[in-house]
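Asker: Provided below for reference: sequence and predicted model.
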Amino acid sequence: MRRGWSLLIKKLKAILIESIRAALSALNFPEMDFTLAPPKAEKFGDISTNIALLLSKDLSQPPLDIAEIIAETLKKEKLNHIDDITVSPPGFINFLIDASFYQNSIITILEKNDQYGRGGTGKDKTANVEFVSANPTGPLTVGHGRNAVLGDTVANILEWHGFHVTREYYYNDAGQQMQILGESVSARYFELIGKENEFPENGYQGKYIVEIARNIYEALGNDISKNDPRFRTEAEKIIFEKIKTSLDKLGIYFDQFTKEKTFYETGAIKQLLEDLKSKDLIYEKEGATWLKATALGRKQDRVFIKSSGEPTYRLPDTAYHREKISRGFNLIVDIFGADHTDSYPDILAALAALDLKTDHIRVLLYQFVTLLRKGEKVKMSTRKGEFVTLDNLLTETGSDVVRYFFIMRSMNSHLDFDLDLAKDQSENNPVYYLQYAHARICNIIKHGLTAKYEFTKDFDSNLLTHNDELKLMRQLVYFPQVMETVLETLEPQGIANYLQELAAQFHKFYGKCRVITDNISLSRARLGLVSSVRIVLSSGLSILGISAPERM
RNA sequence: GCCCCGGUAGCUCAACUGGACAGAGCAUCGCCCUUCUAAGGCGAGGGUUACAGGUUCGAGUCCUGUCCGGGGUACCA
């Protein structure tokens, strides 16, 4: 039932490894770990091994000679699905997989449909992905967009592999930021009703604050006192609605919102301090409360509670993670911006000191988005009201483009975003290349119907022998492997690269091989092929959260 | 100063985690629509993978140093 392709190629690989091992022992060569991987160039076949290169030193013989000897030995036994074995400099042994292997594989894909390529790794397991987690002090920026898309896609990847995923948004509703937000709204409110009021020094200067103040004025009238808590709570509510609307446009929804305040109310923070204290990891200095991080292998101690009595964010964050651990997830993923690089290890260290398991926590750090306008950097600051919102970007380009744009490059790389080119880029965005392939296939299938070639699973896949057909099928066969790799690395970019290649193979095939022709049986077989391409494209796009249009 | 992430074609980025002659898209220049969608295909040009060493049969990838960009090094988040 859950034997997908993975198993097919794995089986093939296992057989090859077994055969190579047998050959080694027959030849009295030492045992050694070696790789078995697809080569770069087509002419080297489908799978290559470097075993001869590795043996060269021990045997003090040229790798090419060793490769020949091993290849000859392997050729003596008939290996299933292997058409040919060749040797190429500097000493690779290449295996050519026969067409029937690939032809059979598309039957598997059609049978599995949207289950094709799913592993069972996460079956009966739970995962928590915390992302966005922006404090409700302003609209989401382009930078938050990177976080949002990354987190949601990682969650999709986990779900693909069977994990039951909780998407979680954690935010700070207790600290100084929200305090300042309230004061900013209050100041704008009094400005609005004509009473001169001093704007807080660190206040939020964005226009949206004025709008919120107007909302409050319209809803609650003009006799509110300066320190009324509703300035803060109303602002939080309104901003949160905006944030949710933006995320909604990206198709991102959360299962749980967790407020920092909770951890004060439940006593979790107090408890945490006590527990750390009993481990002698907390001390007082200069009126502040410190975490003895140096005792945990960190470079410096950190303040947990300022001398003003306010905690720093590390304290509630630690309590929050402790609570997340207690919920028993098999995997916990945090999506953080590069500014957290130096802070999350403190949190993990503190948790480990409390004898909590932390090795199932994966922290994904993404580098910042730099915005360019007319070649100049736009410095973003929510507080100063200088930012480009995610909404702006979405209305200009659309969800599919934004999602693809944020996922197609490595999270470890800085992202230069040229606003002037944003729209231009969106018109020749590579995401359309993928979607176009999908739409083309849908159209072919439709065309087949009008030509009375209804696609059925009853066709002869052995008719698919054209070189472009084989290349296309080979690409389809890689898919489960790609999904496995991505599960390990949690770098969604690999999917984008793969789909790009798959679409390219399809477009080439399309140029060379006509699907619907007078040759009925060939037409049926090719319909089977393009249908399986459609399945994989559709799966890949849905994992990326991108639509797979039937026409464009 | 120290720590983290980058530096690859004119521009934006890949490169299956150490493999074979480093690949795409934009941009430039050719060619291909009376035939399933030209948002496509085919071809040309464009590179000392920042630099210098080292490890290895083999380095864009690993180690050391230098330079450049970003982030951190807060009783900000």
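Answerer: Yep, it's here. Residues are numbered from 1 along each chain as shown, chains lettered A, B, ... in the order given.
Asker: so what touches the helix or strand encompassing residue A:75?
Answerer: Residue A:75 is part of helix A:63-76 when elements are defined by DSSP states H and E. With contacts defined as CB atoms under 8 Å, 6 or more residues apart in numbering, helix A:63-76 is touched by A:19-20, A:23-24, A:26-27, A:29, A:51-53, A:55-56, A:59, A:85-87, A:89-93. The C-beta positions use only the backbone N, C-alpha and C, and glycine is treated the same way.
Asker: buried subset of these?
Answerer: Neighbour counting by 16 or more other CB atoms under 10 Å classes A:19-20, A:23-24, A:29, A:51-53, A:55-56, A:59, A:85, A:87, A:91-93 among these as buried.
Asker: now, which of the residues you listed lie close to RNA strand B?
Answerer: Contacts with RNA strand B are made by A:53, A:56, A:91, A:92 out of those, judged by CB under 7 Å from any atom of the strand.
Asker: filter the buried ones among the contacts of helix A:63-76 down to the ones in strands?
Answerer: With strands taken from DSSP state E, the overlap with the buried ones among the contacts of helix A:63-76 comprises A:85, A:87, A:92, A:93.
Asker: flag the shaky bits of the stretch 351-500 of chain A, pLDDT-wise.
Answerer: By pLDDT under 70, the weakly predicted segments of the stretch 351-500 of chain A are A:373-376, A:379-380, A:385-386, A:419-426, A:452-455.
Asker: ranges for the strands of it?
Answerer: All strands of the stretch 351-500 of chain A, identified by DSSP state E, counting those that start in this stretch, fall at A:361-366, A:369-373, A:376-378, A:415-418.
Asker: relative to residue A:201, which of those is closest?
Answerer: strand A:376-378 (23.4 Å; CB to CB).
Asker: ok, residue A:442 touching residue A:531?
Answerer: No: between residue A:442 and residue A:531 there is no contact under CB atoms under 8 Å: 9.9 Å.
Asker: following the chain onward from the host helix or strand of residue A:10, which element is next?
Answerer: Secondary structure from DSSP H and E places residue A:10 in helix A:5-26. Next helix or strand after helix A:5-26 toward the C-terminus (DSSP H and E): strand A:36-37.
Asker: so what touches stretch A:14-28?
Answerer: Contacts for stretch A:14-28 (CB under 8 Å, 6+ apart): A:30-32, A:34, A:36, A:47, A:49, A:51, A:69-70, A:73-74, A:77, A:79-80, A:82, A:95.
Asker: residue A:350: what's it in contact with?
Answerer: Residue A:350 neighbours (CB under 8 Å, 6+ apart): A:276, A:281, A:291, A:293, A:296, A:318.
Asker: turn the residues you listed into CSV, including secondary structure, distance to RNA strand B and neighbour count.
Answerer: Shown next, in CSV, are the contacts of residue A:350 (DSSP: H, G, I helix; E, B strand; the rest coil; distance: CB to the nearest atom of the strand, whole Å; neighbours: other CB atoms under 10 Å):
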residue, secondary structure, distance to RNA strand B, neighbour count
A:276, helix, 17, 20
A:281, coil, 16, 22
A:291, strand, 11, 27
A:293, helix, 11, 21
A:296, helix, 15, 18
A:318, helix, 12, 26
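Asker: export those residues to a markdown table and tack on pLDDT?
Answerer: Shown next, in a markdown table, are those (pLDDT from 0 to 100):
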| residue | pLDDT |
| --- | --- |
| A:276 | 95 |
| A:281 | 95 |
| A:291 | 95 |
| A:293 | 93 |
| A:296 | 91 |
| A:318 | 95 |
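Asker: between all of these, which two are separated the most?
Answerer: A:296 and A:318 (11.9 Å).
Asker: quick one, phi/psi of residue A:368?
Answerer: Backbone torsions for residue A:368, taken as degrees, to the nearest 10, come to phi -70, psi 160.
Asker: next one: residue A:512
Answerer: The phi/psi pair for residue A:512 (degrees, to the nearest 10) is phi -100, psi -40.
Asker: and it, how far from RNA strand B?
Answerer: Going from residue A:512 to RNA strand B by CB to the nearest atom of the strand, to the nearest Å gives 7 Å.
Asker: cool, and residue A:478?
Answerer: From residue A:478 over to RNA strand B (counting by CB to the nearest atom of the strand), the distance is 7 Å.
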